[in-house]
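A.B. asks: no FASTA, just this:
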């Protein structure tokens, strides 16, 4: 799965300055949304799933499902808060 995602989306490593957008950590399924150029939090690999920093989790799930033929929902992902690098994952 990671190979397909890396072929389809821009790949970044943590602590790199990146353009605005919605980023996925495929290992944890965390979504990190940056409204402006910024730095990604700790994490193995981040993939820029969408150029919009306000994309919904449902739309991100649809984008990934269309690529991989999977059945993720919004509940399959969680937002990692940009300022604190904490999450709202239960």
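C.D. replies: It's in. Everything numeric in this text was worked out from a predicted model, so none of it was measured.
A.B. asks: below-threshold pLDDT in the chain: ranges please.
C.D. replies: Counting by pLDDT under 70, the chain has low-confidence residues at 82-90.
A.B. asks: those strands in it, which residues are they?
C.D. replies: Secondary structure of the chain (DSSP state E): strands at 10-12, 17-18, 21-25, 30-34, 38-39, 46-50, 78-80.
A.B. asks: need the residue closest to the centroid of the chain.
C.D. replies: Residue closest to the average C-alpha location in the chain (CA atoms, centre = their mean): residue 24, at 1.7 Å.
A.B. asks: tell me which residues touch that residue, please.
C.D. replies: Listed by CB atoms under 8 Å, 6 or more residues apart in numbering, the contact set of residue 24 reads 5, 9, 30, 31, 46, 47, 49, 60, 64, 77. Where C-beta positions appear, they are placed from N, C-alpha and C, glycine not excepted.
A.B. asks: for residue 64, the count of nearby residues, please.
C.D. replies: By the criterion of other CB atoms under 10 Å, residue 64 has 24 neighbours.
A.B. asks: before I go, just wanted to say thanks for your time.
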